[in-house]
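[1] predicted model, plus sequence, below.
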Amino acid sequence: MIKHSFKLIWNQKRKNAYIILELFLLFIVLLTGSIYLIEKYELYTGGVGANIEDTFFMGLMKKDFQRGDYAVVLKNMHRELESLPDVKKVSYSYQSIPYIWSMSSSSMNYDSNYITSVVRAVDENFANVFDLKIIAGSWLEDDYLGANPPIVVDVQVANKLFGTTENAIGKTVTFNGDKQVVGVFQMLKRNEYEENYPACFMPINTKSVYGIDIVLKYKQNTTPNPSQLAQIVHSYFDKNDFAIRYVSTLEAKKAQVNAATHIEIVMVSIFAVFLVINIVLGMIGIFGYNVKVRKSELGLRRAVGSSAFNIYLLLMLESWALTLMALIPAILLMIQVPLLDLYPVDTYLFTKSLGLSIVLIFLLVSISVYYPAYLASKMQTAESLQEE
């Protein structure tokens, strides 16, 4: 039966070449869509590394963008904001909080090792406000007395420069001058769908600032009063010199930032599903036509003793053989993507997407051939031989 099936496939090579081409394109669509969607899913489920519940932030920027010493003013404002009955913690930072697109980076060196790291300027309260996970050492302390300014690095930086997170503590790195590593944190991303870039935290210099983000951690089930907060801020910073750029809860900012990616995911999914449905419908038509053309052959098989299940299995195996013929060149082509670094995709992610795509294409082919094969298996011998 198997030998005869391969003879039939070869004898109908022109028709089967079209099916193989459709299956080739279907696999490319499935693999590309799987890579994109699995990557987005794993990034999203990995989180941003911070707890943003009950957090409210305000962006304060000097209108002339000239730096100034506001250490005392910020300290006094911090005391007043934290004294509000519904506020638990207050933190100052710059280009550091999640869902803000601002980001700067610089090269960090230790001996002969170096890495490009995102730089985030924060105060000693930042980790408590966002519940950052400290892996080793401690957070930036207000009473730090080390010889070099402190720095807290993430796991990626620690592993790259020092081999392990424990080895990082106490080491001196060259990063805009000499800095001493006092702690290692897990991660902090700008949003769920972004890659986790190597990053570090440095103490914010309140004596030389032109912009600052004010983050307040509220007590659960309480609502911030933006007008009251703005009034307090402008009691310390003149409206003529400083502007409040944005005022929002971080949960609202998260929804705003992620909305564009959600639309993109939906559009990609709709496009991929549209292509898959069209290809599957085309294959159903082709397989159905093949069954009608082979009525007499299938009738002869029934006449010589083949069961309905054998007929069904024959057609299914033939479709799987065509699928395998399409998969071999498709896999050989697509495997060049990670090997030649044509697209920045992790090998583990590519392997997972490849496995999922193979399962899906066999499932879709089985669905496509199921109904034609079912009709053929129920075909009566007299009905199929009456045309002969």
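    Happy to help now that I have it.
[2] C-alpha only now, for contacts and for neighbours.
    OK.
[3] now the element after the host helix or strand of Leu23, going C-ward?
    If you go by DSSP states H and E, Leu23 is part of helix 13-45. Note on helix 13-45: by DSSP H and E, the next helix or strand toward the C-terminus is strand 55-62.
[4] can you classify Ser105 by secondary structure?
    strand (DSSP: H, G, I helix; E, B strand; the rest coil).
[5] grab the nearest non-local neighbour of it.
    Val118 (4.1 Å; CA to CA, 6 or more residues apart in numbering).
[6] if we can go back for a sec, helices and strands around the helix holding Leu23, which ones?
    The contact analysis (3 or more CA pairs under 8 Å, 6 or more residues apart in numbering; DSSP states H and E) places helix 13-45 against helix 250-293, helix 308-334, helix 347-377.
[7] would you single out the least confident of those helices?
    Among these, helix 308-334 has the lowest mean pLDDT, at a mean of 81.
[8] what is it packed up against?
    Under the contact criterion of 3+ CA pairs under 8 Å, 6+ apart, helix 308-334 touches helix 2-11, helix 13-45, helix 295-303, helix 347-377.
[9] go through the second one and flag the buried ones.
    Neighbour counts over helix 13-45 (16 or more other CA atoms under 10 Å) mark 16-17, 19-40, 43-44 as buried.
[10] got the angle between it and helix 250-293?
    160 degrees (axes from the mean of the first three to the mean of the last three CA atoms, to 10 degrees).
[11] chain center to helix 13-45: distance?
    When C-alpha coordinates are averaged (CA atoms, centre = their mean, to the nearest Å), helix 13-45 and its chain have centres 19 Å apart.
[12] now that helix against helix 347-377, angle please.
    140 degrees.
[13] got the angle between helix 13-45 and helix 308-334?
    Calculated by the same axes, to 10 degrees, helix 13-45 forms an angle of 70 degrees with helix 308-334.
[14] same question for the last one.
    Relative orientation of helix 347-377 and helix 308-334, computed by the same axes, to 10 degrees: 150 degrees.
[15] where's Val215, which helix or strand?
    Using DSSP H and E, Val215 sits in strand 211-218.
[16] ranges for the strands of the stretch 51-200 of the chain?
    Along the stretch 51-200 of the chain, the stretches classed as strands by DSSP state E, counting those that start in this stretch are 55-62, 87-94, 104-110, 113-122, 134-137, 150-154, 172-174, 178-185, 199-203.
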